[in-house]
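1. Here you go, sequence then predicted model.
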Amino acid sequence: MGTVPYKVVFIDIEEPLIVNASEIVETDTGFVVFYDDANVKIASIPKDKVRYVKKVNNGK
């Protein structure tokens, strides 16, 4: 399947974070969790800190 870059824009941090992931899951406990191809958790970010997550197209 492969990983694709996602831009994570935070509410209180100006600089976005780029995460290369194959899957994103929003949990019932209030986190946005990123997984790689092997289903290994890459990052877990509290949803209340995230403005939005967007798939990056052509490096934009």
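-> Arrived safely, thanks for sending.

2. Return the backbone torsion pair for residue 22.
-> Main-chain dihedrals, residue 22, degrees, to the nearest 10: phi -100, psi -20.

3. Can you get me a residue count around it?
-> As a burial measure, residue 22 scores 16 neighbours (other CB atoms under 10 Å). Just so you know, the C-beta spots here come from the backbone N, C-alpha and C atoms, and that holds for glycine as well.

4. With residue 21 instead?
-> Using other CB under 10 Å, residue 21 has 21 other residues around it.

5. Leaving aside the residues adjacent along the chain, what's closest to it?
-> The spatial neighbour of residue 21 that comes closest, neighbours along the chain excluded (CB to CB, 6 or more residues apart in numbering), is residue 34 at 3.9 Å.

6. What lies in contact with the helix or strand containing that neighbour?
-> Using DSSP states H and E, residue 34 falls within strand 31-35. Strand 31-35 is contacted from outside by 6, 8, 19, 21-27, 41-47, 50, 53, using CB atoms under 8 Å, 6 or more residues apart in numbering.

7. No more questions from me, cheers.
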